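*Asks:* Compute the structure for the input listed below.
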Amino acid sequence: MLDFIYYPVSFILWCWHKVFGFVFGPDNAIAWILGIVFLTFTVRGILFKPFVKQVRSMKKMQDFAPEVKKLQKKYANDRQKQATEMRKLQQEHGVNPLGSCLPMLLQIPVFIGLNWVLRNFQEGRPDNYFFDAAEVDSYVNAKLFGINIGDAINHFGFAGQSDEWNWEVAPLAIPLMIIAAIATHLTARHSVARQNPASASQQTAMMNKLTLYIFPFGVLIFGAFFPIGLLIYWLANNGWTLGQQRLVYGRIDREEEQKKLEEKEKRDNLAPKPGQKPKAGQKPNKPQPGQKPATQNKQASDEASDSAESGSEGDPGKVSAQSSTGNTNGSGTSQKNGTSQKSGSSAKSGNSAKGGAWAKNGGNKQRPAGQGKKSKGGKRR
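*Replies:* Modelled structure (predicted):
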């Protein structure tokens, strides 16, 4: 029924047994144990990329967990609308919830297939999928510390196997069960430590308890019904997972740190630094054509203001030509209310009028043109 699983699993195990059997001998238990270990590594190597995608997907889901909580609170009474909005949010962030479960789901058929293949190594069988009769006998007679690697403390009524308690297997099986349970706990603990507390929920807390305590305890209980070869697979699988997590999590942490440094450097380059001095050889910004530098504009404004103040307070002979309300023409006449008057000397545009003499008209003194009017600075002269 599940031959599409059993044949690939047995073929990978057959290949690795041929490799290590060439080195250690085909009947050596070490060749079979290393074959099982590298069968595990082969399957996990195939699932490496899906595992990386799983970790990145879980990281994204933790990042937008606050938004998920807002949706759950907003649509607490409308489950359908809540599910619709959740799908939209996941699509916006490029997250597939099923993708995070894929590596774990794919390992289940491998475990089932290996369990079946290892239990089918029975004395007198003509073959076992890719293994012929001689290879079946080789596995049945392979012993580690005097214990057959195909035996279990209890085979639990498996077809063709005795369901009696084989306590002579316990000295090898129990240490393997304990180490496998510890490896399962450490793997789960390392994964839980990566979770964002802001994304914690009741479902998350329940799953954490299952992976941290229930699964390792299950290995201790049900490991008594696993053959030695399957316990080795479980131990190798958890050892690979722990090392893979450290490698992938470390890489993702470095990528995020590098991204933060690049963003900070970009912000620092855009923001002006207080008290920053021009670098050696750096040229000042050139003004646009027809535009005066800001310092010259400020200096001209200050000079005009000073000139206006001195002309109104102590020296009426010096008045800025720019303070006149009329336009000063080239002949030195200032227009005021439509009447032209001559000053003591001709005024040129942009310069203060010279002469400063009071013009006499019938023995009466008259102020120079522009006196008493508002200057551009807003002061009375």
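
*Asks:* how about the closest residue in space to D27 that isn't next to it in sequence, secondary structure?
*Replies:* With sequence-adjacent residues excluded and distances taken as CB to CB, 6 or more residues apart in numbering, D27 is closest to S138, at 4.8 Å. C-beta coordinates here come from the backbone N, C-alpha and C atoms, glycine included. Per DSSP: H, G, I helix; E, B strand; the rest coil, the local secondary structure of S138 is helix.

*Asks:* ok, now which ones touch S138?
*Replies:* By CB atoms under 8 Å, 6 or more residues apart in numbering, the residues touching S138 are P26, D27, W32.

*Asks:* Any chance of those in TSV with secondary structure, pLDDT and neighbour count as columns?
*Replies:* Shown next, in TSV, are the contacts of S138 (DSSP: H, G, I helix; E, B strand; the rest coil; pLDDT from 0 to 100; neighbours: other CB atoms under 10 Å):
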residue	secondary structure	pLDDT	neighbour count
P26	coil	91	16
D27	coil	91	16
W32	helix	96	29
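
*Asks:* quick one: which of those residues is nearest to F145?
*Replies:* W32 (13.8 Å; CB to CB).

*Asks:* related to what we said a few turns ago, could I get the contacts of S138 as TSV with distance to R267?
*Replies:* Below are the contacts of S138 laid out as TSV (distance: CB to CB, whole Å):
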residue	distance to R267
P26	64
D27	67
W32	59
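
*Asks:* Surely K143 touches D27?
*Replies:* No. Counting by CB atoms under 8 Å, K143 sits too far from D27 to count as a contact (10.0 Å).

*Asks:* What pLDDT does the model give the residue nearest to D27?
*Replies:* Confidence at S138, expressed as pLDDT, is 93.

*Asks:* what does K49 give?
*Replies:* 87.

*Asks:* Confirm it sits in a helix?
*Replies:* Yes. Per three-state DSSP, K49 lies within a helix segment.

*Asks:* Neighbours of it, how many?
*Replies:* 10 (other CB atoms under 10 Å).

*Asks:* Check Y249 too.
*Replies:* 16.

*Asks:* ok, now how distant is it from S191?
*Replies:* According to CB to CB, to the nearest Å, Y249 and S191 sit 9 Å apart.

*Asks:* Could you name every residue contacting both of the two?
*Replies:* In contact with both Y249 and S191: no residue, using CB under 8 Å, 6+ apart.

*Asks:* low pLDDT regions in the protein?
*Replies:* 96-102, 157-160, 162, 196-201, 271-381 (pLDDT under 70).

*Asks:* could you point out the longest helix in it?
*Replies:* Across the chain, the helix with the greatest residue count (assigned by DSSP state H) is helix 228-270.

*Asks:* Give me the secondary structure label for F121.
*Replies:* Under three-state DSSP, F121 comes out as coil.

*Asks:* Out of the contacts of S138, which is nearest to S10?
*Replies:* W32 (12.9 Å).

*Asks:* Now do the contacts for that closest one.
*Replies:* W32 touches H17, S138, Y139, A142, I149, G229, counting by CB under 8 Å, 6+ apart.

*Asks:* Fine by me, we can end here.
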